[in-house]
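Asks: A predicted structure for the sequence below; I have some questions about it.
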Amino acid sequence: MKTESAAKITNKLFKRKSFSLERKIKLVGTVFLLPWIFGMINFFIIPIARAFWWSFCDVRIVVNGVETTFKGWENFDYILFKDPNYIRNIVSNLQDLALSIIIIIVFSMFVAVLLNQKFRGRSLVRSLFFLPVIVSSGIIIKVLKEDAFLSVVSKSKETHIFQTDAVQSVLYSLGIQGGIVDSFTGFASQIFDLTWQSGLQIILFLAALQAIPDSYMEVCDIEGASKWERFWTVTFPVVAPTTFIVFVYTVIASFTDVRNVVMSNILGLFNNMHLGTAVASAVFYFLLIVLLLGIIYQLTKKKVFID
Amino acid sequence: MIKQNYKTPSFWSVIRAGDTIRLKRKFSHAVFIIFRTVFFIGMAYVLLYPMLVMLSRAIRPASDMLNSSIVWIPSHISTLAFKTAWEYMDFGKTALSTGYLVIGSTLFSVISCSFAGYSLGRYRLKITAPCVVVAVLSLIAPLQTYIIPRFVQMKNFDFFGIGTLLGVFNGGTPITYNILNTPWAYFLPAITGAGLQSGLFVLVFSQVFRKLPKELEDAARIDGCGEFHTFIRIMVPNAGSGFLAVSLLSLVWYWNDYFYAEMMYRSVQLLSSKLVSLRATVHQNSISKLIGHNDGLTESVIIFAGALLFVIPPLLIYLFLQKYFIQGIERSGIVG
């Protein structure tokens, strides 16, 4: 009788103790998370839900908050069919993005592979390549490109920091066809932009390369694989999943860029108090990008994500 | 016995064959190294170009802009542009107030994001998976999508619903405060982990903390260290490089941010807004004070000087921290 009750008590104690410890740990985990959940609900989920709702409304700012009147698809109807610039801007944005994203991915992967090798002055070169992340080109390049002096000199509608007019005229005089020359010099004048846009992407690829275990490379050495084979059979498959992440980052970066016309138009619409339209255009653009990312994810999922 | 049915190669032929292969390898390696060096030098030029242009143009007298014989090195060094840009941007004062906001937000943001990341990375809770989804969503959704509701929210801030509740007793009108143009518009989201790029930081921290060995935690638990102390004393020091990388990125992104500043801090202009509107300021001043700055040349010299001033603070921080920053980024597993 006595022993039984003692066993019961210890059992109870033990059970309760282990239960409470686990519970305590989980509770602490939740406490760590609480401020963030609070912030997400207040500063992210509620505003974005409001943005979706307001895109169907006529929104006016009044003394205590806003006054919304539901008007259905009118905002979307306006931006999609009546505003002459919206669709055009989005299409040209996506076109630029589609072109530059491939170059950025290939370029940053290439640079990351080079930077991953051991050579003298590596840390110096690395810190140079991460410079764009620090100086975050956005505003600076916007300011420099808008500069009156440069735009007078280069005469073209788009002012590039590298002037390729001279090269262009030389190539023309050599008798090379116009289209080829234009695409070549167009690319050359974009080298600057592309390099300055791929800072974070290089870092991402580099971090992925650093994660390749040394044993893989040892196997390559033993088996006598050439550098080319080594890249395509070991490095590339390991780094490939990062490509999707780099893709996402590049899309987001182009999205939030100061020079993005669609996004800067939102500021303009806001200043003119067309709040409903501004919100609708942001929401539509956002959904479009999410759709794009989703499609790319579905397409690359099977091929890229090996494990 | 196995019959040798091949000719034993002579000693010399082996040496020669080995030599040519080695020579070939050496040659291709040399070509590769030359290519790499040239590539890096070219890239260094591209990357440093804007800095050099800014520096070279900012220190020259305006008359040098038209002199076609002067490309990089000005005829004499003039500090006029710096002085003017400094004055027009009110640099000292603006940089201080911007720095206050930037450093404060970064501090709060790093603390709140590390807490959340620690929980997401090391605890298995029922809400972990949905929280990760929300973090990814907040990373993908650009600020522009929900900036206007956020603006209205900040303009009529009701203390997370408390003001509205109290308003019931106040005759129906909610008690709200306008916290636009106050530091709270920056600090409140940062404290609650909803600052600039916080989604990214939370995910990075969850990666960093997940990689730390489980034994650390167990040992701490056995020694009777509480959960919070485990985090502060054991996890944070071990994740130092991750903290550094995130802090630097956050500092830089807050400093360079233009959009949020333009929405939330309009009447008290921050440095990025001042830089973007520097051209307009120059125009205004040259019209009102009849200083001949609107000739395009002087104007552009002033703008280059302003841009350089804007870049210098983050650049200095980077110069001091770049070694640790790169280490931190490599170890932090931003890749996921």
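Replies: That came through fine.
Asks: For chain A, what is the nearest residue in the stretch 51-200 of chain B?
Replies: With C-beta to the nearest C-beta, the shortest gap between the stretch 51-200 of chain B and chain A falls at residue B:192, namely 2.6 Å. C-beta: built from backbone N, CA, C; applies to glycine.
Asks: For that residue, give me its contacts.
Replies: For residue B:192, the contact set (C-beta atoms under 8 Å, 6 or more residues apart in numbering or on different chains) comprises A:35-36, A:38-40, A:42-43, B:112.
Asks: how near is the closest residue to it other than its chain neighbours to residue B:24?
Replies: Distance criterion C-beta to C-beta, 6 or more residues apart in numbering or on different chains; nearest residue to residue B:192, sequence neighbours excluded, is residue A:39 at 2.6 Å. For residue A:39, the distance to residue B:24 equals 61 Å [C-beta to C-beta, to the nearest Å].
Asks: Please say which of those two ends up with more neighbours.
Replies: residue A:39 (25 against 10; other C-beta atoms under 10 Å in any protein chain shown).
Asks: What separation is there between that one and residue B:126?
Replies: The gap separating residue A:39 from residue B:126 is 20 Å, by C-beta to C-beta.
Asks: Same check on residue B:237?
Replies: Per C-beta to C-beta, residue B:237 is found 30 Å from residue B:126.
Asks: and which of the contacts of residue B:192 is nearest residue B:154?
Replies: Taking C-beta to C-beta as the measure, residue A:43 is the one of the contacts of residue B:192 closest to residue B:154, at 9.5 Å.
Asks: what's the burial count for the closest one?
Replies: Burial of residue A:43, expressed as a neighbour count using other C-beta under 10 Å, amounts to 25.
Asks: Isn't it up against residue B:194?
Replies: Yes - using C-beta atoms under 8 Å, residue A:43 is in contact with residue B:194, at 3.6 Å.
Asks: Is residue B:159 in a helix, a strand, or coil?
Replies: Using DSSP: H, G, I helix; E, B strand; the rest coil, the structure places residue B:159 in coil.
Asks: so who does it touch?
Replies: By C-beta under 8 Å, 6+ apart, residue B:159 lies in contact with residue B:177.
Asks: swap in residue A:133?
Replies: The neighbours of residue A:133, taking C-beta under 8 Å, 6+ apart as the test, are A:199-200, A:203, B:249, B:252.
Asks: buried ones in the helix or strand harbouring residue B:311?
Replies: Counting by DSSP states H and E, the element that carries residue B:311 is helix B:297-332. Applying a neighbour-count criterion of 16 or more other C-beta atoms under 10 Å in any protein chain shown, the buried positions in helix B:297-332 are B:297-311, B:313-314, B:317-318, B:321-322, B:325-326, B:328-332.
Asks: same deal with stretch B:117-136?
Replies: Using 16+ other C-beta under 10 Å as the burial criterion, the residues of stretch B:117-136 that qualify are B:117-123, B:125, B:128, B:131, B:134-136.
Asks: to the chain's geometric centre, what's the distance from that stretch?
Replies: Its chain's C-alpha centre lies 25 Å from the corresponding centre of stretch B:117-136 when counted by C-alpha atoms, centre = their mean, to the nearest Å.
Asks: hmm, who's touching that stretch?
Replies: With C-beta under 8 Å, 6+ apart as the test, stretch B:117-136 has contacts from A:25-26, A:28-30, A:32-33, A:36-37, A:40, A:44-45, B:116, B:199, B:201-210, B:212, B:217, B:231, B:235.
Asks: The residues you listed, buried ones only, as a ChimeraX selection?
Replies: Selecting in ChimeraX just the buried members of those, where the criterion is 16+ other C-beta under 10 Å, is done with this command:
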select /A:25,28,29,30,32,33,36,37,40,44,45 /B:116,199,201,202,203,204,205,206,207,208,209,212,217,231,235
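Asks: What strand or helix carries residue A:59?
Replies: Secondary structure here is read from DSSP H and E; on that basis residue A:59 sits in strand A:57-62.
Asks: Revised request: answer the last question for residue A:69.
Replies: Residue A:69 belongs to strand A:65-70 when elements are defined using DSSP H and E.
Asks: on that earlier part again, quick one: the buried residues of stretch B:117-136 as a markdown table, columns for pLDDT and secondary structure too.
Replies: Putting the buried residues of stretch B:117-136 into a markdown table (pLDDT from 0 to 100; DSSP: H, G, I helix; E, B strand; the rest coil) gives the following:
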| residue | pLDDT | secondary structure |
| --- | --- | --- |
| B:117 | 92 | helix |
| B:118 | 93 | helix |
| B:119 | 93 | helix |
| B:120 | 92 | helix |
| B:121 | 89 | helix |
| B:122 | 88 | helix |
| B:123 | 88 | coil |
| B:125 | 88 | coil |
| B:128 | 90 | helix |
| B:131 | 92 | helix |
| B:134 | 91 | helix |
| B:135 | 90 | helix |
| B:136 | 87 | helix |
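Asks: Tell me the one of the residues you listed nearest residue B:257?
Replies: Comparing those against residue B:257 with C-beta to C-beta places residue B:135 closest, at 20.0 Å.
Asks: In chain B, which helix is the longest?
Replies: helix B:11-58 (DSSP state H).
Asks: Please identify the buried residues of the very next helix or strand once past that one?
Replies: Per DSSP H and E, helix B:11-58 leads on to helix B:80-89 as the next helix or strand towards the C-terminus. For helix B:80-89, a neighbour-count test (16+ other C-beta under 10 Å) marks B:80-82, B:84-86, B:88-89 as buried.
Asks: May I see these arranged in a markdown table, with distance to residue B:224 as well?
Replies: Written out in a markdown table, the entries for the buried residues of helix B:80-89 read as follows (distance: C-beta to C-beta, whole Å):
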| residue | distance to residue B:224 |
| --- | --- |
| B:80 | 67 |
| B:81 | 63 |
| B:82 | 59 |
| B:84 | 64 |
| B:85 | 59 |
| B:86 | 57 |
| B:88 | 61 |
| B:89 | 55 |
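Asks: Help me confirm that the residue nearest to residue B:192 comes into contact with residue B:202.
Replies: No - at 10.3 Å, residue A:39 and residue B:202 do not qualify as touching, with contact defined as C-beta under 8 Å.
Asks: Common neighbours of the two, please.
Replies: What both residue A:39 and residue B:202 touch, as defined by C-beta under 8 Å, 6+ apart, is the set residue B:193.
Asks: rewinding a little: name the nearest of the buried residues of stretch B:117-136 relative to residue A:60.
Replies: Residue A:60 lies nearest to residue B:134 out of the buried residues of stretch B:117-136, by C-beta to C-beta, at 30.4 Å.
Asks: Isn't residue A:132 up against residue A:194?
Replies: No - under the criterion of C-beta under 8 Å, residue A:132 is not in contact with residue A:194, lying 10.5 Å apart.
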